[in-house]
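**Student:** need the 3D shape of this:
(chains A and B)
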Protein chains: 2
Amino acid sequence: MEQKEVKFSLVFRDMWQSAGKYVPRVDQLVKVAPAIIEMGCFARVETNGGGFEQVNLLFGENPNKAVREWTKPFHEAGIQTHMLDRALNGLRMSPVPADVRKLFYKVKKAQGTDITRTFCGLNDVRNIIPSIGYAHDAGMISQCCLCITYSPIHTVEYYLDMAKKLIDAGCDEICIKDMAGIGRPVFLGKLVAGIKKIKDITIQYHSHAGPGFNMASILEVCKAGCDYVDVGMDPLSWGTGHADVISVQAMLKDAGFKVPEINMQAYMKVRSLIQEFMDDFLGLYISPKNRLMNSLLIGPGLPGGMMGSLMADLDTNLESINKYKAKRNLPFMTQDELLIKLFDEVAYVWPRVGYPCLVTPFSQYVKNLAMMNVIQLEKGKERWGMIADDIWDMILGKAGQLPGKLAPEIVEKAEREGRKFFTGNPQDNYPDQLEKYRQMMWEKKWETGQDDEELFEYAMHPAQYEAYKSGKAKADFLEDVKKRREAKEEVHMANDQTKVLTVDVNGQAYRVTVAFGDVNPSKLSAQNQPAAAAPAAQAPAGEGKEVLSPLEGKFFLTKSAQETPVKVGDKVNKGDVICYVEAMKTYNAIRAEFSGTITAICANSGDSVSEDDVLMKIL
Amino acid sequence: MEQKEVKFSLVFRDMWQSAGKYVPRVDQLVKVAPAIIEMGCFARVETNGGGFEQVNLLFGENPNKAVREWTKPFHEAGIQTHMLDRALNGLRMSPVPADVRKLFYKVKKAQGTDITRTFCGLNDVRNIIPSIGYAHDAGMISQCCLCITYSPIHTVEYYLDMAKKLIDAGCDEICIKDMAGIGRPVFLGKLVAGIKKIKDITIQYHSHAGPGFNMASILEVCKAGCDYVDVGMDPLSWGTGHADVISVQAMLKDAGFKVPEINMQAYMKVRSLIQEFMDDFLGLYISPKNRLMNSLLIGPGLPGGMMGSLMADLDTNLESINKYKAKRNLPFMTQDELLIKLFDEVAYVWPRVGYPCLVTPFSQYVKNLAMMNVIQLEKGKERWGMIADDIWDMILGKAGQLPGKLAPEIVEKAEREGRKFFTGNPQDNYPDQLEKYRQMMWEKKWETGQDDEELFEYAMHPAQYEAYKSGKAKADFLEDVKKRREAKEEVHMANDQTKVLTVDVNGQAYRVTVAFGDVNPSKLSAQNQPAAAAPAAQAPAGEGKEVLSPLEGKFFLTKSAQETPVKVGDKVNKGDVICYVEAMKTYNAIRAEFSGTITAICANSGDSVSEDDVLMKIL
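**Tutor:** Numbering: from 1, shown residues only, chains lettered A, B, ... in the order given. Coordinates of the predicted model:
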C-alpha cells in the first residue's frame, strides 16, 4: 500500500505570539530563515498575519519591509508561506471595511505571502466567505478555518455543515483551527474523515499543546487523511505553543506515514537562534507560565493561554470579595473556592450567551461575564449586573451570528435596556474608508507606497501607523525594553553581584549590600522606595450627585485617543458614556444616570478605584 | 455495543519523584488521602515503592509507619494500592540478596500494598520472574513490566516474547512501563493488542509526558484493550511527570470508552494540598525545568528527566574542552556543537554496549560513556578511554543480560583488560544476608519490628537506616531544608525588601542596598563573599610519581562511608583503587599504576580537579 504523505508547516509567527507579545525583528527573521530552510522538513512556514504587522508597527518598524524580506528566502527555496487573517477583523481586533480587506490580500500577495488562513471566532461564514473572493482576486490560496471548541452544539455535523458551505463558496483548503487545543482527538478524526467525504480538499490541522490533547489529535486527523500539520520547535514548543516537529515526525513515521526527515544540525541552529532572540529582548515579554501545559481549563473549556491573566484577575477579585465579607463578618473565600465558582459560572454563562467559540476576544468576554456574575452573587446581588459594551456587541449580533441561542434572561435584559439586535451582515456596518485614508496621506504628504502597501497599513492600523511615522512607537518600545531589562538586571544584580556588609548606623545594625556594576543607583532607589504617594492634584469634588464605581478596577476618562474626555463643566445627557472602569482588560462604560453638568471628576485616568468609590459628581 | 471500560491509577509516588527528590511526609500523605478518595475516579493509587522507603529514611522518618498509615484509607475505600520494585535491585539501586527480596514482599503486603510492579532495566526476565513467586507467597498481585525503549532490537516481537515469558511464569498483570515516554503510540497499540492475543491478561499503561507522545499512546493502548492507565494531576502533571487525569478522562470519554467521572471539587482540594506541600518544603527540591515538556532527547532516545543534568554536564565539559583548545589555538566549540556531538555519540555508543533500556541507571551510563568519548575525541585521543566500574558491571553482564550484542571493540577492550564476562544468574552473586542483619540488630539491641519490617528496612538500606536510627538523617535533612529555604529567602529579600543608598566611601561611590528583615547577616555575607580560598592544609606533596586525574570532576578518597580512605604512608598494589574522580554522577575509580607507598595526597575529598591535576604521589 502506498504510504499517505503528511507535510509540516512551522508556525513561526504563532510560536512567538502564543508565548509572548512580540515577534522577532526583521533583522532576526532574515537571520533565521536560511536555517529553517536547511532543516529540510517544512513544506510551509507561517510567516506573518495575526498580530505580526501590528507588532512591527509597535517596534516602530515597517511591516511591509519585514514581510517582503522574510518571505523571500522561503519562496526561493520552494516553501509556501502562510498568514492568519481574522476575516471581518482583518489584521486587527475590530471590524475592517470591505475595501481595506480587499487591498489587504493584494498587498500581502505582492509582499510574498502565498496562503491566507481566514477565521471568524463565531464561525459565521458570512464573515469568511468574502475573503475567499478577495484572496482569489489577489492570486492567493484561500484556506478557511473551522474554529474548534467543545460544546453540545459544536458537533461533528455542525462543523461538516460549515465546511460544506466554505467548500461550496470555493475555498481551496480547510484549516482545522484548534486554537485552544481542546478539540478531542477522536472527534477531530471523524471531522476530517467527514470533510474528505464531502470533497478531497487539502486539510491542515492547527493546534496548541496546552491541555495535552494535540499529539493524539494529530495522529487521529492524519489517520483520517489530513495533509498538513502545524508544528513548533524548541525552545518554544509545548506549553501554550505547539507540538514539537521532532515528536510529530517520530510519531507519524512509526505510524506508517510518509514524513520528511529533519536535519538536526539545522534544528539545533534554529533553536540557538531562537534562544539568541529571546536573550536579546523577546524573552522579556515571555511569561514562564506559558511554557507549561495546563489541563485545568478543559472543564470550563477556556484556552490554556488564559490561565495567567485569569489567576491575576482572581487575586484582585478575591481581595475585593473578602473586603466585602470582612465588613459583614462573613467567612473568607479561598482562591480555590473562587476558582471553582468561576469555572461553574462559565459553565452557566457560556450556553446562555450562545456558545461563541472560546477564542480571543470571546473567551475573555465569557470569562469576564462569569467573573462579574460570581462577584455580584457573592455580594448578594443579581447576575448580569455588569455587561461591557464590547460584550453587548457580541450578544446583539454585531460581530456575526452566535452559534447558539441566547437565553431568555439575556434577551429580556437587552430589551429592557432598549438594545437592538442586529441580524444583517456585520460588514454592512462598516462602509469603505480607503479613500478617506488616501486623502489623509495626501494631506500629510505621506507616500502610499509600493502596491499601496503604506496606504493599507495606515487604513488597517491607523493609530499604530501614526505612532510609527512620528517615531513615538519606536521610542516607546525602546523605553519599555530598557525598563524591563533593568528590572531583570536588578534582580540579577541582587542575586549575583552584591557584597554584604554589616554596618552599625547610630547604634542600629544594618545589613548593607553594596552593589557594584553598571546599575543606575537612582533607578534602583526609585524601584525600592515606598509606593509613590497618590497624585496630589485631584479635581476638587463639587456639588451634585455622586457617580459611583460599580466595580473595582482602573478609572479612565476615555478608552482610546480618538475619544474626547469629559471635563468639569461639560453638560451630559442621561445615558452618555462619561468614563470607564477597566477590569480584566474590559473597559466598562459608565453612563450618566441623569442629565446635568459635571461638577467634579474625582479620580485621575489610570487610578485604581474600588467598588462604590466616587468617580464624578453631576449636578 | 458495550463500552470498553478504562480505569485510572493516580501515580502519586511517581508524581513527586519525577518532579524532584522527595515525596511528602506521612502527616501530609494522611492529610491528602481522603481528598484523593473523594475524587471518585481512581481504582488504584501508587502509594510507595521506588525511592519512597529510602526517602522516608532520609527524612529521618520510619517508612514502615508511613506505608501503613498511607495505604489504610485507600483500603477502607476499596481502592487498590500499588508499588514499584526494581526486581534484583529491590528498593535500591544495587542488587539485593534473595532472602531480603522475599521478606520485602511479605512486609509490604502486611503494611497494606496490594500490587507489586516489578521491572528490570535490562528486561532480563531472570531478574523479574523470582519476584512473581515472592509476591504470590506474600499474597500480593504480581504485575510485571515491559520497560519500553526505542531501538531496532526493541521490536513489538521482542516485547511480545518477553510478555509471553512473564505470563508463562505466572504473573497476574502486565505493565507497559514507558518510563521515558518515548514509546511510539502506534507501536504501543500493536504491543497491547499482541499481548491480549497471548492471554486476556490485565494491562496497565504507565508513561511520562516529556517528549509529548503519551496522550496519543494512551489512546492507542486503550483502543487495543488496555485496562488501567496511570495518570497525574495538577500542579505536578505534564513535564517530566504524567498526563493529567482531566485530559485523559476527557479524551477517552469522547473516544467512546467507559471512564469514571472526576469530582472537580475534590480535584481542586487535592491540587491545593499538593501546592501546600510544595510551599512547605517539597518545592525546594523541584527544578522548574522538570515542569517543561522536551522533545530534544527523542533523537538520542534519552529520557526527558535527564535534560537538566545533561545541560549542567555539558557546561562543565565544554569549559574543559575549550581550555584544551585555547592552549592549542584551536577554534572554540559552542554548547550546541557539543550537544549535537553528544547526541551523535549516544547513537554510536548505545548499540555498541548492547542497547540497555534508557532508564536509570543505564541511561546515565550511556550518556556518560558518550560524553567521555566526545571529550577524548576532541582532545585527539581514542574512544572508550574511561569506563567507570559500574558501567563495566553492566557491560560484563553482572546486572543481567544485555538485550543486544556488544560491539567487538568493547569485547576486545574487556579481554585486553582481563575483565571476565558473567553469564550466570545475577542473583547468584549476592548470597543471603538476612541473618547477618538480624544478628547486627540483636547486638545493637534494635527491634526487628512488626512482621520483621525493621529488619527488612535495615537489610534493604543499611546506611540510610543507621542514619535514621542515629538521628543524623533527620538532622541532615532539616539542615538542608533550612539552607535551601534561606537561599530562597535571600533572593526574595534581595528582590523585595531592600532599600538602596548611594554611599561615598573614601572618594569611591558605592550603591549600597540595606536589607531589613530577619535575614542572618553572617549568612548573607557568607553567600556573597568571594569564593572561599582553597583549604589551607593540603597534605604536602612528597616524592614519587604523580597520579594524574584522567578527567575533570570532583576528587573523592572513597565513594561511600563503608570504604576506608587511603592515607599517606599506605602501601598500595598495582591496580588497587586509590581514589575516585566523580563526574556526571559517576565515580571513576583511579587505580595505582604500580605498587608503592602513598607519599602525598594532593587534593581534599570534594575538591574540583581538572584533567592532569596531580591527585597523589606514589613512591
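
**Student:** so where's chain A uncertain?
**Tutor:** Regions of chain A meeting the criterion pLDDT under 70 cover residues A:1, A:305, A:490-542, A:562.

**Student:** enumerate the residues of the stretch 301-450 of chain A near chain B.
**Tutor:** Within reach of chain B by Cβ under 8 Å from any Cβ of the partner chain, the stretch 301-450 of chain A has these residues: A:T334, A:D336, A:L339, A:I340, A:F343. Using the backbone N, CA and C atoms, a C-beta is placed for each residue, glycine as well.

**Student:** A:M39 against A:N263, yeah?
**Tutor:** Yes - look at A:M39 against A:N263 with Cβ atoms under 8 Å: they come within range, at 5.2 Å.

**Student:** ok, the residues of the stretch 301-450 of chain A next to chain B vs B:T71, which is closest?
**Tutor:** Ranked by distance to B:T71 (Cβ to Cβ), these are led by A:D336 at 26.9 Å.

**Student:** which other residues reach the helix or strand containing that closest one?
**Tutor:** Element membership for A:D336, per DSSP states H and E: helix A:335-352. The contact list for helix A:335-352, computed with Cβ atoms under 8 Å, 6 or more residues apart in numbering or on different chains, reads A:151-152, A:299-302, A:310, A:314-315, A:317-318, A:321, A:358, A:366-367, A:369-371, A:373-374, A:378, A:404, A:406-407, A:409-410, B:264-265, B:268-269, B:271-272.

**Student:** quick one: buried ones out of these?
**Tutor:** Neighbour-count burial (16 or more other Cβ atoms under 10 Å in any protein chain shown) applied to the contacts of helix A:335-352 gives A:151, A:299-302, A:310, A:314, A:317-318, A:321, A:358, A:366-367, A:369-371, A:373-374, A:378, A:404, A:406-407, A:410, B:264, B:268-269, B:271-272.

**Student:** next step: those residues restricted to helices.
**Tutor:** The members of these that map onto helices under DSSP state H are A:310, A:314, A:317-318, A:321, A:366-367, A:369-371, A:373-374, A:378, A:410, B:264, B:268-269, B:271-272.

**Student:** more neighbours: which of A:M39 and A:N263?
**Tutor:** Ranked by neighbour count (other Cβ atoms under 10 Å in any protein chain shown), A:M39 and A:N263 place A:M39 first, with 22 against 16.

**Student:** enumerate every residue touching the more buried one.
**Tutor:** Applying Cβ under 8 Å, 6+ apart, we find A:M39 in contact with A:L10, A:I262, A:N263, A:A266, A:Y267, A:V270.

**Student:** can you give me the distance of the second one to chain B?
**Tutor:** Right, A:I262. Going from A:I262 to chain B by Cβ to the nearest Cβ, to the nearest Å gives 9 Å.

**Student:** so which helix or strand takes in that residue?
**Tutor:** Here A:I262 sits in a region with no helix or strand, counting by DSSP H and E.

**Student:** domain ranges for chain A?
**Tutor:** Domain ranges of chain A: A:8-291, A:473-524, A:545-618, per automatic domain parsing.

**Student:** what about the strands in the stretch 151-300 of chain A?
**Tutor:** A:173-178, A:202-207, A:228-231 (DSSP state E, counting those that start in this stretch).

**Student:** what about these, which gets the closest to chain B?
**Tutor:** strand A:228-231 (10.1 Å; Cβ to the nearest Cβ).
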